[in-house]
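In: got a predicted structure plus its sequence, pasted below:
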2 protein chains.
Amino acid sequence: MSKYSLKYLSQKLNVSVSTVSKALNGYSDINSKTKERIIKLAKDLNFIPNSQASFLRTRKTKLIGIIVPFISHPFFSNIINGIVTSAEKKGYLTIVLKSKDSCDREKILVEKLLSQNVDGIFISLTQETNRLDYLENIKNEGVVLVQIDKISKIVKSSKVVINDQESAYIATKHLIKNGCKKILHYRGSLISQVSIDRFLGYKKALEDHDINYDPKLVVVLNKMTDKQGFETTSNFISKKIDFDGIFAISDYTAVGAIECLKKNNFNVPNDVKVVGFNNWPFSDKLSPSLSTLDQPGELMGNMSFKLFLKEIRSRKNKTNFSFEKKIFKTKLVVRESSF
Amino acid sequence: MSKYSLKYLSQKLNVSVSTVSKALNGYSDINSKTKERIIKLAKDLNFIPNSQASFLRTRKTKLIGIIVPFISHPFFSNIINGIVTSAEKKGYLTIVLKSKDSCDREKILVEKLLSQNVDGIFISLTQETNRLDYLENIKNEGVVLVQIDKISKIVKSSKVVINDQESAYIATKHLIKNGCKKILHYRGSLISQVSIDRFLGYKKALEDHDINYDPKLVVVLNKMTDKQGFETTSNFISKKIDFDGIFAISDYTAVGAIECLKKNNFNVPNDVKVVGFNNWPFSDKLSPSLSTLDQPGELMGNMSFKLFLKEIRSRKNKTNFSFEKKIFKTKLVVRESSF
DNA sequence: CTGAAAGCGCTTACAG
DNA sequence: CTGAAAGCGCTTACAG
């Protein structure tokens, strides 16, 4: 921390602490000469005011926290990037934390952020989040809550999501239009909203195109890894279950699936067409290049911060505020794996 | 922030604020019955002590900051991940910031972190960092500085790096051993230490194997993108400069180079062999799969935090402390692009 | 074992 | 325009 304090400056210049504080904070009722002297000394000493002390009065830390399931992850690191960028522009600093997809950890992390008196908490829930007390607690503490992508339908707050159901519908329809009749769906957990919505979109697309929904073709994955994609596909092949398309909930699993298919001498896309989800760096550079749904992670991060700021400001000005849910559209990127 | 305070608890229980504070902080000189009552109430109310207020006494925020050039980046997000994980285990929270490879921004961000009274700053310098005053300032403020990967040789602090020169030597030697005689090198900025060391390794490998170093074969890239890799390669081709190998400073540029080569009907690896740097997710899944140097980003992050903690503790215990430089070894991963 | 008091570094309502 | 004073919520040395 800074070696200096308002008191130190005030003694150096023979003025009061109050005067120094006001000068530094741009109050108008200060003699401009005095003000200049103070500001000059502060600059010369490289004086940095103690933000913890000022918090005690202002009640604002200008600190926000974000909890995501994983950090080393193309989509989540894009979200983080979006939030950090927007936040920094407005003078906020961002604490980053990861839940490792564990609900228990998530609860603990929320408490840690609250104890740091962050002004807002941004969260992308774990796949297994099944209790909402600690989310409600955030709001009870007077801290702004913003949910991103992996949200809870029940907990009220600002939300930023994508059109999951529609995206899945579009992807599945694309496969159908290109001749697929037996489409596997690799989905996420049964309680994750994102996963539920994508499944519903998949199912609806089948129904709308007169294809019977067959639950045996849907697999719940607990990890979004290429390994799981590989093994799941391998399972289908060894069970001799017939299929001609795969809609996977993430690019990783799609890539694992394609590896397995190649190894078993299936041609992608001729024998089996594959669509992933995320549009990760390099998804376009694979052979075959991967069809996928492009998710605007960074923009979602930007928007999350915008909604946060809106809520903070409406509180400050005591104006009306109602929670918004911003829905970003994904884009189906058709590449070699499905066409 | 918490709706309650020590004062509130103390009034509820008819004890003093001091007693509540001691009970909650595990002091031994408290009647165990009293202690129990206090802890129970705190738990029931979900009481969270105000960390800003306690900072004013303890001088510890348990906050650290990290500045990297980019967040949405496989290597840097691995480093962030490693730091956040280690930090959280020891009760530290991590503020994440990105410099966008701008030295001016870097300076501002350092000041922001200092004003938050972080206990330590972790930094991976920009490619253009050419002034060191604000790094020295970190130490002057009594804040621990740890430099990671992109370091300054001059500024003293704990450092975590890889064996850049040796890595480049190994990669270049590998190309030579596999028959390459005219090896392009796509490097980073002229003042980045990482970039300098890798260049030196490249050059030394050539010399040790009786290949004349030709400056025309070395290109300074200012952005590590596939686009730059593509364009640079395209340039060599159109200038009809003969080459049979490329050692690129990042996987992105290597991938761009390969795309360009393919497009111009060069066979990789038969006509040109390529080695990248980073080992990114999916580098193994490309066609041809990419030879590269594997960098243990997460472990480097873990180690950085370890060095930070060591310095913090030695200060607390007033024991001797000297800066360490931990050098991680990369691993040459040979894949189709060079073999 | 308990509590009164000082003080960390700020901000701000108020007096002059 | 300037400054004395109170107070934010803690911790801790000290007295009893």
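Out: Alright, I've got the coordinates.

In: quick check: buried residues in stretch A:230-239?
Out: For stretch A:230-239, the neighbour count (16 or more other CB atoms under 10 Å in any protein chain shown) marks A:230, A:232-234, A:236 as buried. Glycine gets a C-beta too; all of them are placed from N, C-alpha and C.

In: which other residues reach it?
Out: Stretch A:230-239 has contacts (CB atoms under 8 Å, 6 or more residues apart in numbering or on different chains) with A:184, A:186, A:219, A:221, A:243, A:246, A:253, A:256-257, A:259-261, A:264.

In: tell me which element whatever residue of the stretch 51-200 of chain A ends up closest to DNA strand D falls in.
Out: In the stretch 51-200 of chain A, the residue that lies nearest DNA strand D is residue A:56 (3.1 Å; CB to the nearest atom of the strand). In this assignment (DSSP states H and E), residue A:56 forms part of helix A:51-58.

In: other SSEs contacting the helix or strand where residue A:312 lies?
Out: If you go by DSSP H and E, residue A:312 is part of helix A:297-316. Using 3 or more CB pairs under 8 Å, 6 or more residues apart in numbering or on different chains; DSSP states H and E, the elements in contact with helix A:297-316 are helix A:74-89, strand A:120-123, strand A:144-148, strand A:158-162, strand A:325-328.

In: now do the fourth one: which elements does it pack against?
Out: The criterion is 3+ CB pairs under 8 Å, 6+ apart, and the helices and strands that strand A:158-162 contacts are strand A:144-148, helix A:297-316, strand A:325-328.

In: any idea how far that strand is from the middle of the chain?
Out: How far strand A:158-162 lies from its chain's middle: 9 Å, per CA atoms, centre = their mean, to the nearest Å.

In: coming back round to it: highest mean neighbour count out of the helices and strands packed on helix A:297-316?
Out: strand A:120-123 (a mean of 28; mean count of other CB atoms under 10 Å in any protein chain shown).

In: any chance of TSV for the buried residues of stretch A:230-239, columns pLDDT and secondary structure?
Out: Output for the buried residues of stretch A:230-239, formatted as TSV (pLDDT from 0 to 100; DSSP: H, G, I helix; E, B strand; the rest coil):
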residue	pLDDT	secondary structure
A:230	97	helix
A:232	97	helix
A:233	97	helix
A:234	97	helix
A:236	97	helix
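
In: tell me where chain A has strands.
Out: Using DSSP state E, the strands of chain A run over A:63-68, A:93-98, A:120-123, A:144-148, A:158-162, A:183-187, A:218-220, A:245-248, A:273-275, A:292-294, A:325-328, A:331-333.

In: just the contacts of stretch A:230-239 that are near DNA strand C?
Out: Near DNA strand C, taking CB under 7 Å from any atom of the strand as the test, no member of the contacts of stretch A:230-239 is found.

In: give me the contact list for stretch A:267-276.
Out: In contact with stretch A:267-276 (CB under 8 Å, 6+ apart) are residues A:171, A:174-175, A:178-180, A:243-248, A:250-255, A:257-258, A:261-262, A:266, A:283, A:288, A:290-293, A:332, A:336-339.

In: okay, now residue A:183: neighbour count?
Out: 25 (other CB atoms under 10 Å in any protein chain shown).

In: which residue ranges make up the domains of chain A?
Out: Domain segmentation of chain A under automatic domain parsing yields A:6-49, A:60-161+A:297-328, A:164-295+A:333-338.

In: quick one: which of these is nearest residue B:148?
Out: Comparison of the domains of chain A against residue B:148 by CB to CB identifies domain A:60-161+A:297-328 as nearest, at 15.3 Å.

In: tell me the mean pLDDT for that closest one?
Out: Mean per-residue pLDDT for domain A:60-161+A:297-328: 93.

In: that one close to DNA strand D?
Out: No: contact of domain A:60-161+A:297-328 with DNA strand D (CB under 7 Å from any atom of the strand) is absent, the minimum separation being 9.4 Å.

In: ok, residue A:119 touching residue A:59?
Out: No: using CB atoms under 8 Å, residue A:119 is not in contact with residue A:59, being 9.1 Å away.

In: the two: who's more crowded?
Out: Taking other CB under 10 Å, residue A:119 and residue A:59 do not tie; residue A:119 has more neighbours (20 against 12).

In: can you give me the helices for the stretch 101-250 of chain A?
Out: All helices of the stretch 101-250 of chain A, identified by DSSP state H, counting those that start in this stretch, fall at A:103-115, A:133-140, A:164-177, A:193-208, A:226-238.

In: now the last one against strand A:183-187, angle please.
Out: Yep, that's helix A:226-238 we're talking about. With axes from the mean of the first three to the mean of the last three CA atoms, to 10 degrees applied, the angle from helix A:226-238 to strand A:183-187 works out at 150 degrees.

In: same question for the first one.
Out: Computed by the same axes, to 10 degrees, the angle separating helix A:103-115 from strand A:183-187 equals 50 degrees.

In: what sits up against helix A:103-115?
Out: With CB under 8 Å, 6+ apart as the criterion, helix A:103-115 contacts A:65, A:67, A:95, A:97, A:99, A:121, A:123, A:125-126, A:128-131, A:134-135, A:137-138, A:141, A:143, B:1-2, B:48-49, B:51, B:88, B:93.

In: can I get it in CSV? Just the C-alpha atoms.
Out: Taking C-alpha atoms only, helix A:103-115 is exported to CSV below (Å, rounded to 0.1, in the frame of the first residue of the first chain):
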residue,chain,number,x,y,z
CYS,A,103,-22.1,-26.7,-6.3
ASP,A,104,-20.5,-26.9,-2.9
ARG,A,105,-17.5,-24.9,-4.1
GLU,A,106,-19.7,-22.4,-5.8
LYS,A,107,-21.4,-21.7,-2.5
ILE,A,108,-18.1,-21.1,-0.7
LEU,A,109,-16.8,-18.9,-3.5
VAL,A,110,-19.9,-16.7,-3.3
GLU,A,111,-19.3,-16.2,0.4
LYS,A,112,-15.7,-15.3,-0.2
LEU,A,113,-16.8,-12.7,-2.7
LEU,A,114,-19.4,-11.3,-0.3
SER,A,115,-16.8,-11.0,2.4
